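Colleague: from the sequence below, what's the structure:
(one chain, ligands or ions: 1)
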Amino acid sequence: MKTSKHDAPKLSKSRYISGLQCHLRLWHECYNRELAGSVDAATQAIFDTGHEVGVLATKLHPGGLLIEADHFHHEDAVKQTLVAFADHKLPAIFEAAFLHAGVRNRADILVRGRGEQWDLVEVKSALDVSDTNVDDLALQHWVLTGAGIDIRRAGVLTLNRDYVYDGREYDVDELFLLHDLTDTVPGMAKDVAKNVKAMHEMLAQRGPPKIEPGNQCFDPYDCPFYEHCTKGMTFPEHPFGELPKLHPTKRAALKALGVETVEDVPKTFALTALQKRVRDCVRTGKEYVGNALAAVLDEPEYPIHHLDFETFMLALPRYKGTRPYQTLPFQWSNHIESAPGRLKHDEYLCREDKDPRPEFVETMLASLGTKGTICIYTPYEIRVIRELAKALPKYARRLQALEDRCWDLCNVIRDHYYHPDFHGSFSIKQVLPVLVPGMSYERLAVKDGMEASRVYVEALQTDDARRRQEIHDGLIEYCGQDTLAMVRLREALAKR
Ligand code: SF4
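Modeller: Presented below is the predicted three-dimensional model:
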């Protein structure tokens, strides 16, 4: 195995992916790390899951050796890897370290093949292989091949979405799925070499590259330097990106025309009916109220239920009969308007560490009864109800009967009402403070569904009873606000 020295900052797989996203991001990661925003709890949770899955994947190769030296001691790790290579009894090496042409690499799993051949495996805590994963593997293949390793096969190991947990120890042979990319990544070597050269040349310059913030700041990942890059910049109040569901070709066409704001979009430019409505409202500064709004608002029948679910997904299934990343509902809220202005609230939150679905369904069916409209916001609740009907056949008929009673308030707003302050979004978080001033999610401990999901998992895992209680209180308030918001939105729309 060859090793080489290079004077410019060393690249790594994460730096290479950053460099593919934006050279300025790579520059900052090498020279100005302190400019990055701090890692938030959601990102940290993703890192932790990745680590947990990575450790579990090593069980596929009993007797494999972990290279202990950490990322701060790469040279030591390379030396330990050389020793491991010489031990022909080792079936696999985890976190093997390499250096080639100024690129450092730690390979998640190297499996010994016949003779001196090796299989390279990158582990991902996802269900599918993304383009970024392929770029990542192509870089590793290039580094290892350059360092003199004979790679027989290369692939990405993901979780298997069809694996059903039996409640005992994970069957790792079934839990993981190997996506063989042996036919793909060697062909990318030329591009990898070109990219690495360009990144090293850029890093050898005296100053950072001149790159303006743009779409690349969020693709494939949110860039941690966004706050720094946009400091002092002013943005138009209504950029043309507010136009709902704007096709990328239309986006490019507007850019080419020099259009920056919704107001600037020419009258002759082809838009959908909704996009036109958004443009007209922004131009006039007035709300749009459709002629049919009042009639549509009269459709719901009493008692009118206002229903919202919170759900969570775990990479590694926790309960018997569940799969990786299966959506499990753990909480519902129902504000019931039995007659105009007469309101009652029912709710359920699973506070125990168990499969919440049976109790969730039983309590929800009891609250919803068999009469009245069920007001929802987006079809998400219908999707969850369908999944529950499949998973719990004994309730299937009663669950399926709920679907006909559902009435989607988000659709009603999208079809019959618009306000320029929606800024192109019909999410309840955006719509609520505009139509019901004083009612927003800002003051809540839990502010959105993603956070609800994350803190629920935190409550499952913590031993701190006070923190668990605090989380449960926050969830009760948040889910209750979602359903009360629907009541208030119907009232506000009725006054238009
Ligand atoms: S915020 Fe955008 S422009 Fe700035 S470094 Fe990140 S990706 Fe590049």
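Colleague: all helices of the stretch 301-450 of the chain, in order?
Modeller: Along the stretch 301-450 of the chain, the segments classed as helices by DSSP state H, counting those that start in this stretch run 357-368, 380-391, 396-403, 409-416, 428-435, 449-461.
Colleague: three-state assignment of the spatially closest residue to Leu175 that is not a sequence neighbour?
Modeller: With sequence-adjacent residues excluded and distances taken as C-beta to C-beta, 6 or more residues apart in numbering, Leu175 is closest to Tyr163, at 5.0 Å. Placement of C-beta: from N, CA and C, glycine included. Secondary structure of Tyr163, reduced to three states by DSSP: H, G, I helix; E, B strand; the rest coil: coil.
Colleague: I'd say Tyr163 and Arg323 touch.
Modeller: Yes - applying C-beta atoms under 8 Å, one finds Tyr163 in contact with Arg323, separated by 5.9 Å.
Colleague: now do the shared contacts for the two.
Modeller: Residues within reach of Tyr163 and of Arg323 at once, by C-beta atoms under 8 Å, 6 or more residues apart in numbering, are Pro317.
Colleague: show me what the regular element (helix or strand) spanning Leu493 is packed up against.
Modeller: Using DSSP states H and E, Leu493 falls within helix 465-494. If contacts are counted by 3 or more C-beta pairs under 8 Å, 6 or more residues apart in numbering; DSSP states H and E, helix 465-494 sits against helix 293-297, strand 304-312, strand 328-339, strand 342-349, strand 374-376, helix 409-416, helix 428-435, helix 449-461.
Colleague: is it possible to export those to TSV including mean pLDDT and distance to the ligand?
Modeller: Below are these laid out as TSV (pLDDT from 0 to 100; distance: least, C-beta to the nearest ligand atom, whole Å):
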stretch	mean pLDDT	distance to the ligand
helix 293-297	98	41
strand 304-312	98	30
strand 328-339	98	35
strand 342-349	98	38
strand 374-376	98	37
helix 409-416	98	31
helix 428-435	97	24
helix 449-461	96	22
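Colleague: who wins for proximity to Met202 among these?
Modeller: Closest of the helices and strands packed on helix 465-494 to Met202 is helix 449-461, at 34.5 Å (criterion: C-beta to C-beta).
Colleague: helices or strands up against that closest one?
Modeller: Counting contacts by 3+ C-beta pairs under 8 Å, 6+ apart, helix 449-461 is packed against helix 41-57, strand 304-312, strand 328-339, helix 465-494.
Colleague: at 7 Å what do you get?
Modeller: Of the remaining helices and strands, those touching helix 449-461 by 3 or more C-beta pairs under 7 Å, 6 or more residues apart in numbering; DSSP states H and E are helix 41-57, strand 304-312, helix 465-494.
Colleague: mind listing the strands the second one pairs with, and their directions?
Modeller: Same thing as strand 304-312. Strand 304-312 pairs in its sheet with strand 328-339 (antiparallel), strand 374-376 (parallel), by DSSP bridges.
Colleague: what sits up against it?
Modeller: The contact list for strand 304-312 (C-beta atoms under 7 Å, 6 or more residues apart in numbering) reads 327-337, 368, 372-376, 381, 384, 449, 452-453, 456-457, 475, 479, 482-483, 486-487.
Colleague: buried subset of the residues you listed?
Modeller: In the contacts of strand 304-312, burial by neighbour count holds for 327-337, 368, 372-376, 381, 384, 449, 452-453, 456-457, 475, 479, 482-483, 486-487, counting by 16 or more other C-beta atoms under 10 Å.
Colleague: the residue nearest to Leu175: neighbour count?
Modeller: Neighbour count for Tyr163, taken as other C-beta atoms under 10 Å: 20.
Colleague: who's in contact with it?
Modeller: 174-175, 323-324.
Colleague: hmm, back to that, tabulate the helices and strands packed on helix 465-494 (CSV), appending distance to Lys89.
Modeller: Listed next are the helices and strands packed on helix 465-494 as CSV, based on distance: least, C-beta to C-beta, whole Å:
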stretch, distance to Lys89
helix 293-297, 73
strand 304-312, 43
strand 328-339, 43
strand 342-349, 53
strand 374-376, 60
helix 409-416, 61
helix 428-435, 58
helix 449-461, 38
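Colleague: of those, which is nearest Leu246?
Modeller: Closest of the helices and strands packed on helix 465-494 to Leu246 is helix 409-416, at 15.3 Å (criterion: C-beta to C-beta).
Colleague: mind exporting the C-alpha coordinates of the closest one to CSV?
Modeller: Output of helix 409-416 as CSV, limited to C-alpha atoms (Å, rounded to 0.1, in the frame of the first residue of the first chain):
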residue,chain,number,x,y,z
LEU,A,409,-59.1,22.7,5.4
CYS,A,410,-55.7,23.3,3.7
ASN,A,411,-57.3,22.5,0.3
VAL,A,412,-60.1,24.9,1.0
ILE,A,413,-57.7,27.7,1.7
ARG,A,414,-55.5,26.8,-1.3
ASP,A,415,-58.5,26.8,-3.6
HIS,A,416,-60.5,29.8,-2.2
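Colleague: for that helix, what is the distance to the chain centroid?
Modeller: On the basis of C-alpha atoms, centre = their mean, to the nearest Å, helix 409-416 sits 26 Å off its chain's mean C-alpha point.
Colleague: same deal with stretch 472-485?
Modeller: 22 Å.
Colleague: can you check stretch 150-165 too?
Modeller: Its chain's average C-alpha position is 21 Å from that of stretch 150-165, according to C-alpha atoms, centre = their mean.
Colleague: now do stretch 224-232
Modeller: With C-alpha atoms, centre = their mean as the basis, stretch 224-232 stands 22 Å off its chain's centre.
Colleague: need the contact partners of that stretch.
Modeller: Here stretch 224-232 has contacts from 25, 28, 35-37, 213, 217, using C-beta under 7 Å, 6+ apart.
Colleague: inside helices: which ones of those?
Modeller: Mapping the contacts of stretch 224-232 onto helices (DSSP state H) picks out 25, 28.
Colleague: out of the contacts of stretch 224-232, which are buried?
Modeller: Buried among the contacts of stretch 224-232 (16+ other C-beta under 10 Å): 25, 28, 36, 213, 217.
Colleague: now render these as CSV, adding pLDDT and distance to Leu11.
Modeller: Formatted as CSV, these follow (pLDDT from 0 to 100; distance: C-beta to C-beta, whole Å):
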residue, pLDDT, distance to Leu11
Arg25, 98, 13
His28, 98, 14
Ala36, 95, 18
Pro213, 95, 23
Cys217, 97, 21
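Colleague: which of the residues you listed sit farthest apart?
Modeller: The span of those, defined through C-beta to C-beta, is set by Ala36 and Pro213 at 14.7 Å.
Colleague: quick one: the helices in the stretch 1-150 of the chain, in order.
Modeller: So, for the stretch 1-150 of the chain - with DSSP H, counting those that start in this stretch - the helices run 13-21, 23-31, 41-57, 74-86, 131-146.
Colleague: which residues sit against the second one?
Modeller: It refers to helix 23-31. 9, 15, 18-19, 35-36, 199, 202-203, 208-209, 211, 223, 225.
Colleague: neighbours of the residue nearest to Ser440 when sequence neighbours are not counted, how many?
Modeller: In this structure, Ser440 finds its nearest non-sequential neighbour in Pro433, 4.2 Å apart by C-beta to C-beta, 6+ apart. If you count neighbours by other C-beta under 10 Å, Pro433 ends up with 15.
Colleague: also Asn215?
Modeller: Around Asn215 there are 9 other residues, counting by other C-beta under 10 Å.
Colleague: on that earlier part again, what residues of the helix holding Leu493 count as buried?
Modeller: Using 16+ other C-beta under 10 Å as the burial criterion, the residues of helix 465-494 that qualify are 468, 471-472, 474-476, 478-490, 492-493.
Colleague: quick one, that helix and helix 449-461 angle?
Modeller: Put simply, helix 465-494 runs at 160 degrees to helix 449-461, going by axes from the mean of the first three to the mean of the last three C-alpha atoms, to 10 degrees.
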